[in-house]
Structures are given as C-alpha cells and as structure tokens.
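Peer 1: pasting the sequence and the predicted coordinates here, then a few questions.
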Amino acid sequence: MNMLYKPVILWTDALIYLLVIVVLAFVWYVRRNEHMLAPWRRVGHSASGMAALTVLVFFIAIGLLDTVHFRPAVENSGNSEQVYSVEVLSLLDVIAEPLRTRVEKTYSAPFAAHLYARETIELPDGGQVREFPRLQFGGAHLQNPDVQLAVDVAERAAAGAAQGFLGWCVLVVLLGGLLARQDNAGLLPTLSAIRRGTTEIPWNAVLLTLMLILSLLGAALALSTHYHIFGTDKVGQDVFYQSLKSIRTGLVIGTLTTLMMLPFALLLGIMAGYFRGWVDDVIQYIYTTLSSIPGVLLIAAAVLMMQVYMETHPELFDTIAARADLRLLFLCIILGVTSWTGLCRLLRGETLKLREMEYIQAAHAFGVSHWRIISRHILPNVMHIVLIATVMDFSGLVLAEAVLSYVGVGVDPSMISFGTMINAARLEMAREPMVWWALLSAFGFMFALVLSANLFADAVQDAFNPRVRTWSLKAGKLRRTERTKTPESKPVAAAAKDSNPP
Amino acid sequence: MNPLLQIDNLETVLHTGATPVRAVDGLTLQIMQGETFALLGESGCGKSMTALSVMRLLPEVGEIVAGSIRIGGEDLLLLPEAAMRNVRGKRISMIFQEPMLSLNPVMTVAEQIGEVLQRHFNLRGAAQQQRVLEILNQVGIPDAERRMAEYPFQFSGGMKQRVMIAMALAGEPELLIADEPTTALDVTIQAQVLDLMRDLQQRSGMAILLITHDLGVVAEMAQKVAVMYAGEIVETATRAEFFHSPAHPYSRKLFASLPGKNKRDQGLAVISGSVPPLSREFVGCRFADRCDHAWDLCRTTAPGWSAVVAGHQVRCHLFDQTAGSVLHSSAVKAAETAPQGIPAAPSAVFNSELLRVVDLKVHFPIHKGLMKRVAGYVKAVDGVSLTIAQGGTLALVGESGCGKTTVGKGILQLIPPTAGSVRYDGLELVGLERKQLRAKRAEFQIIFQDPYSSLNPRMRIIDIIEEGMNALNVRNNDRADHAGQQSSSRQGQKVDALLQRVGLPPETKWRYPHEFSGGQRQRIAIARALAVNPRLLICDEPTSALDVSVQAQILNLLKELQASLGLAYLFITHNISVVEYLADEVAVMYLGRIVEWGSVDEVLGNPKHPYTQALLSAVPVIELNPKREVIRLHGDLPSPANPPAGCHFHPRCPHAMPVCHETYPGSSSFGSTHTVRCHLYPQPQNSSTLQPQGAETIA
C-alpha cells in the first residue's frame, strides 16, 4: 500500500506539539481550579487583551498549519518502491500551493501585471523592444492591464471582503446563539448586550477585531489567486507567501526559547533563593558573569561554531529542511541559555521573600522535604511571575530573531523568517528604483504580531500582578459614573468581576 | 456649649466589587472642645473609614454619599478641595497606626515637621527650625536639637510615633484623630505615648478622636465612648457609665470575652461568628445574628436610639420601652453571667517534665565589608533555660525584639541554635540530623501569629492539613505494614474529625484559605498542627492579630484542647491578660534572657524584677483605679547586637545601682519555683559576682 505522503516530524515540530499538549493540559487544569481561573477571568475582561488575543489566534493558527510537515510522494513508473520528494512541505504550503508555485522571473510590485525590470523582448516581426514584460501569473487574466487592472482589483477585493463579512455575520449569530443558550436569554437581547459591551467578556471588541481581520483576509484571499498582493522578491517568489511562512519562525523563536530557558531560570532562581548560602553565591556568580558578556557576541560565537559543525557533517541531515530546522532549534537554545538571567533574578528575590513566610516555616516544622517545599509551596506561588515574564519576553525574542538574522547569525538562509526578509531588503532599499514592498510587508506582519503579543502581555500582567490593581480601581470608578447616568442597566461585567465572595 | 465636631448621619460607601460596601452607615456623633472621644470596635466596623471621611482622605473607591461633618459649625463636605487643605493639619490632624509607614524615609524629621509649619504658618528658615525644636521638645524627644536633623530610620518605633504626634501637633489643631495610635507598639512604649497624648491634651486643650479596639486604652484615655458595630454606632456613654454598666449586648460581650485571671476556671464568653460583611443589606438589628437575646423584632426592625440614663444611649430593642420589651437589663445581666462556653476540665497534675531547655543561645552573625567578615553577633537568645511539664502551659512574656519568637523556633530547630541543649522527653534535639529530627517532628508543633501568612494561599484546606500527616505519619504507617489505600481513607476521616474539633464544618476542607476570616484561618492552623498528634504546641502570639471576640474563641479552643488532649503549651505573647487566663508558669524575657520565672500567681501577683513590675504596671487596665501607680520606663529596648554591659536592664531601671553596670546578676530564688535575676535581691553564694560579664552560670 503506497502512501501519498510521508509524515516528517522535525525537532521544532516535536517541541511545538509538546508545547501544545502542555498548554492544553494547563488549560484543563486551570478550568478545574477556581482560584487559578479567577485571574484568567480578569484577562478575559480586558478589551484590548481579548482583541489582541483574537489577532494572535490567527497567527498561531497559521504557525500550527505550517508545523505539520510531510514529504509528498514522487511519481515514478519504474520502481515498485515508493519514493518521496526531498522537499519537505507543510500543510500551509499545500493550502498556499498557488502562492508557492507561481514564481515570477524577478521583482514585481504589489498588484502589478508587469515585471519591475525592463527586459529585451523579441517582437514577432524580429525587432527588439526594451519594456516591462507581462507577469507570468500576476494579472495574467487581464487583456489590457492598464485599463482593467484597477477595476478588477477593486471588484475582487470588494467581493472577497464581502465574503469575509458574510462569514463574520454567521459567526456573530453563532456566538449570540451560544451565549443566549448559556444565559437562557433571547438571541436579540444577547446581541444587543454584545453591542453595548455589557457582556462579561468584551465580545464587542473581539467581534470588531474579527470583522476587520475576516474582511481583510477575504479580500487578500480573493486577490492572491490572481495577483501578487505584496509583490514578488528577487527570484520572483510571492512576498505574501514568505510573510506567512515567517510567522512560524517567529512563533517558534518566541515560545521555544522560553521553554528552553524556563528550567534554568526556575531551578536556579528558586534554589538560590531557597537554600541561600554558598548555593546562592555560586548561582549569583554564574548569572552575573553571564549577563556581563554581550549577548550578541555569545550568540554569534555559538552559531558560527554550530554552522561549521553542520557543514562538515552533511550526512546527518537527509533534507535541507531538517538542517535549517536544527539550526533554528540551536538558535532557540542559545537564546534561551543567554536570556534566563533576568527571570532567574526575579525568582530568586521572590523566593527569598517566600521562604520566610510562615507556611514554609510550618512545613519545616512538619519535616517536609526541601524538594516538596519547593514544588508544593514555592513553585505555585511564583508561577504568576513566570507567566508574566514568559508573555512579556515573547515579543522581545521575535524582535531579537530579526536582529540576529539581519546580522547574519540568525536562522539558516534557506529558512524564511522576518529577519532574512529584512536582511534581503538591505540591498533592495539601495536599488534604484527602490523595492520597498518586501521590507514593508515583513515589517507589517511583525508589527501586528509583536503589538498583539504585547497588548496581551499587558492584560496578563494586569490580571496576575497583585501590585497593579490601581488601574482596575480606576476603571471601576469610571464605570460607576456611567452607572449613575443610567441606573437601570446593571453592568454584568462589574458583577462578574468580583469572583471571590467577601 | 457647641460641639467642636458634629457628624450627622454620615454615609460612606466603598465601590469595590459587585455590591457597594457601606463602610459607614448613618453615623452621628459629637465631640466637645477638649474632650477625648473613643470610637471602639472590632476590625471591619468602619472606624478608620469614619476618620478618613472626616479628613476627606478616602481611598479612590470611597465616596461620601450623605450626611454632614461640621467642625466649629463649618460643613467640611461643602468645602472645595483647596479650602480643605487649610483644614487638614491645621484644624484637624491625624496620627496613623503604623509609625514606620507614616514617615517619609528620605526626609529628615525636621523637614517633615517643617512642611506643616510652612503650609499653615508660612514659617521658614530659622524661625521654622526654632519651632520644630520646640515641638520636638514638647513631645519628649531627648536631645532634640541633634535628632531633628536625623532620618526616620534612626528613630525607634516609639520615637517615630512621637515624631508623628509632633507633626500632628505642629498645626496646633483643634481636633486630633488618632487611629489606633499604639496598636503597633509595646506596652511600655504604649504607656509612654498615651501619657504624652494626655499630657499634650491638657496643655493645649485640643479634642481627641481616639479610634481603637483596645478596651484598656479606652479606659485610660477616654471621657466619652462610642461603640461601633457594622458601620453604625450602637452605644454611646461616658467612660464611667460605659465601664460600670455597658448596655448593648455587643458591648457586654466584648467585656465578657476579655481574658483575665478571674476567668481562669471557665471558658470565655464568645460572640459566635464574625462581623457581617458590610456589602450586605441589613433588615433588622445588625447584631441580631450573633446576639443571645435576639428575638423576632430584632430580625425585622432596626432598633432606634433608647436612653438608658442621661448621656447613655443604646441602639437595642432590649432598652426600647415603647417596643414593649419584657426583658429588663437585670434579666439580661443574669443571662450574661451564666457560664458560657466550656468550663475547662480540671487538668490532671502532670509532674513529668516534657521539655527542658538549658542555656539555649541563638546568635546571628553580622557580616560586614567586602569579604563578608563576621563583625559581631546579634544575640537574639542568649542563654535561656526553661522547662515545660507535660500538659502544662508556660508563658513566655516580653516586648517585641526580646527574642521570644527565636526561642520558639530554636526549640523546634527551625533555627539552628548556637549553643545550649534542648531535651525533649529526654532526647537531645540540638545537633540531630534532619532525618532523625523528622522522626520526632510530630511531637512538637507550632502555631504562628499571622493567620494570613501561615497558610499557603494556593492549597486547599485538606491539602494543608494532610501535608503534615503525609510528611510524618505515613512513614509510621509504612513501618506498621499498613496498606496505603486504607490509610488514605482513614486520613480523610481524620481531616473531618480535626476540622470538627476546631469548630469548622468538614465541608470546608475543599475550600481555599482566602475564603476564611482571620479567626477561622487560625483554627485551620491549629487543626494542621493537631493533625500529627503533637504533645507540645508552641503558640507564637496566636491571638495578637485577632479581634477580642475572636481571640476569646481561639483561647477557649486552646484551653479545651489542652484539657482533652493533655497538650503542653509554650505560649509566646506580650498580652498579660492572656497569660493570666491561660498560663501555669510565666517566664519574663528581656533582651535574650529570662529575668524572672515562676508560677503565674507568683510572677503576676508579686513581681520581683523591676522590669516585670514596670511591664505589668504599663498594661492599661479596665478597672478604674485611680491610685494605681504606673512605673514609666524611659527609653526603648536596646539592640541585641550591642547589649548594655552588666545587667541588660540597667539603663532603663529605676533602681539601678553601680553593680548593675558591671555584672549580670545571678538568680535569686523566692520559694521553690520563683526565681529572679536582679541585684536587688541577695545573690547566690556560688555565683561569682566578680567575674566579667558573660560568665554567668545557670544556678
């Protein structure tokens, strides 16, 4: 029985699957514990946080689609044994097949029907003309691009956006129905509650963001089948496709690095704070030393060493993708090893405070072992710091990857990432006429990803950090002044905010 | 005479959470010129919110929704904020509870007082400095000229409170609001500060609104008393009237729940439950749920004011003639004196010794310099010897910082002792390996002071209680070859039984600590300690963070547990009335050493050491005995890093002699159980008084 494809699990894929499992388990665990659910409810009450999460969900979905890798079968008539392509594809590659395969000759601007460079074209009558040739795929269906292009783009965009909007409407009705069933209320009152923003979770913010995304997505999908909406790069690859592929790289760097650094930071930070004495001294010396070396130098040295090793041992990797992937993993590890010091310091301080708490003293009086005290008493009480640090670090790491790839010590050149796109744009910006679209789209995608991650991190920090409560008090006051104006409408959000009874 | 401060029907609401908290609900009071008015109540009654409403310094979520506050006829609530600034500090000043948190650590004392002078009198430069000096002298800061340029951290707690008072006085206010001014201070310092406030009031004729939960402080200071309960005043009276015949059932209960010597053989009266949350809507009397005399009317109609005698008003249906109350106050009184709670069973006489501590020393090294060289030692505990009999209670009394808590932790080996021996049931604990020690851990347990930090907020009650059982008992079960399954189900039953024993329903085991009140948390902490069947409980100020009525509940519980389980207690406290109620023996500690030790009657009835005498006389008492002589100690506890040469107490001692400066006294015995270490009494012959200090031996 011959399979049409052979699944491939790269190193980072495996780790991402692990991460997904861990996150799902965590969600399941949190849902069962009321006291852990309470701060997450507060995250849910933040309009900006939920809007940011909506955007993040799209990024994560694309990243996950791009994580499922396989090698398609190659048709060969002679042999009975199935042969698989050396090219490793992902689900996203299959979905975006037209984007991936329709490669032009070289640069072309967004929505262009012609190349960006003049070429000498032989006319049928034998004469030669230097002009901008038509693109092979972009706008190929148009007879007379000069006239039709603008109208065609507008029509397709409008149709796509309308489809997106229609999809959004369906979603709104589904959500309204779901909420109405939960509260045993009518559909229309629920919808109007969503519109007024009086639901527990600010669904109006989520839906507004969703409407924007879906409309844009609809338009982009409708257009991308016939145009290169973000243009093409030097070798004629679609920039939109490259931007989509970059998302996974960014996400991997942002999440796996944290995963790498957490064991160091948690173990060493808590040990230093808990045991004090010489353990504390040793750990403090380690991280003081480590943080006094410029991070970029350390990373560059490590990456270059690894690069040399990989090049001298090509037999270790059966595909290019495997090699690039391993390099990405090593980059994560190296970034993780150099960036645990900040969190470690925070955790040490918090543990120093916690170890003097009376419940820890009581545990000592019971003869509870050190390991159990650390795992049952200290770890759960520092988890909020870990969570805040993790979410806050994410965006920093995505940016760090871009910087490192720009310097040339980042990901493998064959791997598409924001950094490599920006690195390529270095030359394009110096070109005359300037090629601006690659840089702009890389910048735009990265901006959206990092901004939404930051906004979400802010919401998490507000909800978990006990010291940042003044903000919510202020918000409560604002809401109160509103309430005095309309005394009838009792805000549900305020009622649900008080999750623990006095 | 017109009242200085007139509050009418004040309503203050805090907008936190779903329902607004009505912190102050229809409060009316009057304070006359030069009068001390005490506002008495448990925590969560709205006392502090009343004070902050008067100052218009409510937190951002607070809002005054109705009423008026008039000072000298001027309604403060109608003033614009700018005009209010001329009232604060000038006409009304305030002293806060925590002197450590109320002073700015980066400004000198003179600068902070000078701010007030500049704002209200526009005093600057030399004139300002002159006035600051005057005020500091007035509040009794020694060497004020030098100390005014110092920062708050260079002052001790009592001195900081004096500085706070100086700041409050700088504006020469007509009304001083003192919000629990001495709660954070030791009794000897409290006596100093109360004395100072009385003195200043007599001189300047200002009125004081004293907010406190301490009946003793009220008895010493106030002329008029108002009892506050759940946001409203339930009783107002003059001091004499209030202490002679409190009318409201709540006030009576407060008195009845005070521990004391005369109540030793009976349980303390308790007020069941706790103060209701103020976010609730009240229909009838707010106290009805906790009141023994409540009847239907109480639950349906809120009582109005009824006069008991002239100037003594109470908000209770019992005294409402028009409501047709059949109960008279005499009947109430009879019901009140009926024995309540559990009469403690006469404890069997245990003579066998359970714990013997000999010459325990705990020294903390002070590290200095680049290489962290040991530059000296903080001698937190410096040669303490004590014994506890099986089923007996030894109270360790002393001011904060004298090393009481360190003794407790040293005995439990939570802090490794520097020297000395701790023998539990004949077994030496000092120097035991962690593993060997663990086998013994179940025998002695500790209950901490702060019920809020002694329970892990992320663990359920069942996990908290089972932790000790798992760490200690399961190992015993293994040794006895018991099946694990069986023991776990038995464990569940045991948790239920424990919770019931400490007075909590077993269903509560699935909940988290934040859902409980302070008293309930302390019960859980006791249940946790009891879970491993200890024979010795070290109680480290278990009731000092609790309200009087809750304190009574916990003391009753401890007493009952002792009677039924034969527990021995080492009761660490600074509260003398708790000692009188609970202890068999008392050890008085001063600066790391025990200065007097004897049975409770000997030490408290006939104190020999000057420090014990001063400590006992400084405790505010409710019995209004004007002839009581109070020994005022000057100064503070010296630092244990650098104790005075000779007798540690000599710098503060009214009887200090030349010999006190040179050698630490040996112990003098009075009878078989009472010993004192003081040069006033004949020294034992074998004690070498000529030896340098530090060579003293245990007699």
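Peer 2: Noted; the coordinates are in hand. Numbers count the residues shown, from 1 in each chain, chains lettered A, B, ... in the order given.

Peer 1: all helices of the stretch 251-400 of chain A, in order?
Peer 2: Assigned by DSSP state H, counting those that start in this stretch, the stretch 251-400 of chain A shows helices spanning A:277-292, A:295-312, A:320-339, A:341-355, A:358-365, A:370-372, A:379-407.

Peer 1: for the fifth one, name the packing helices and strands.
Peer 2: What it means is helix A:358-365. Packed against helix A:358-365, as judged by 3 or more C-beta pairs under 8 Å, 6 or more residues apart in numbering or on different chains; DSSP states H and E, are the following elements: strand B:444-447, helix B:518-530. Just so you know, the C-beta spots here come from the backbone N, C-alpha and C atoms, and that holds for glycine as well.

Peer 1: who's in contact with residue B:600?
Peer 2: B:261, B:395, B:579-580, B:583-586 (C-beta atoms under 8 Å, 6 or more residues apart in numbering or on different chains).

Peer 1: could you pick out the buried ones from the residues you listed?
Peer 2: Listed as buried from the contacts of residue B:600 are B:395, B:579-580, B:583-586; burial here means 16 or more other C-beta atoms under 10 Å in any protein chain shown.

Peer 1: which residue is nearest the middle of chain A?
Peer 2: For chain A, the residue sitting closest to the mean C-alpha position, by C-alpha atoms, centre = their mean, is residue A:251 at 4.1 Å.

Peer 1: tell me the SS of the closest residue to that residue other than its chain neighbours?
Peer 2: Among residues not flanking residue A:251 along the chain, residue A:63 sits closest, at 4.1 Å (C-beta to C-beta, 6 or more residues apart in numbering or on different chains). Following DSSP: H, G, I helix; E, B strand; the rest coil, the label given to residue A:63 is helix.

Peer 1: OK, contacts around residue A:63?
Peer 2: A:247-248, A:251-252.

Peer 1: residue B:572 now?
Peer 2: Residues near residue B:572 by C-beta under 8 Å, 6+ apart: B:395-396, B:404-405, B:407-408, B:538-541.

Peer 1: could you dump those residues to CSV with pLDDT, distance to residue B:360 and secondary structure?
Peer 2: Shown next, in CSV, are the contacts of residue B:572 (pLDDT from 0 to 100; distance: C-beta to C-beta, whole Å; DSSP: H, G, I helix; E, B strand; the rest coil):
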residue, pLDDT, distance to residue B:360, secondary structure
B:395, 93, 17, strand
B:396, 93, 12, strand
B:404, 88, 12, helix
B:405, 88, 13, helix
B:407, 92, 7, helix
B:408, 91, 11, helix
B:538, 93, 13, strand
B:539, 92, 18, strand
B:540, 89, 16, strand
B:541, 87, 19, coil
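
Peer 1: pick out the most distant pair among the residues you listed.
Peer 2: B:395 and B:405 (13.8 Å; C-beta to C-beta).

Peer 1: leaving out sequence neighbours, find the closest residue to the closest residue to chain B within the stretch 1-150 of chain A.
Peer 2: At 5.2 Å from chain B, residue A:35 is the closest residue in the stretch 1-150 of chain A, using C-beta to the nearest C-beta. Once flanking residues are discounted, residue A:35 sits nearest to residue B:512: 5.2 Å by C-beta to C-beta, 6+ apart.

Peer 1: how about the contacts made by the one you found?
Peer 2: By C-beta under 8 Å, 6+ apart, the contact set of residue B:512 is A:34-35, B:457-461.

Peer 1: which entry within these corresponds to the minimum pLDDT?
Peer 2: Taken together, the contacts of residue B:512 show their lowest pLDDT at residue A:35, with 71.

Peer 1: what number of residues lie near the nearest residue to residue B:248 once chain neighbours are set aside?
Peer 2: Distances taken as C-beta to C-beta, 6+ apart place residue B:235 nearest to residue B:248, at 4.2 Å, with adjacent residues excluded. Neighbour count of residue B:235, defined by other C-beta atoms under 10 Å in any protein chain shown: 26.
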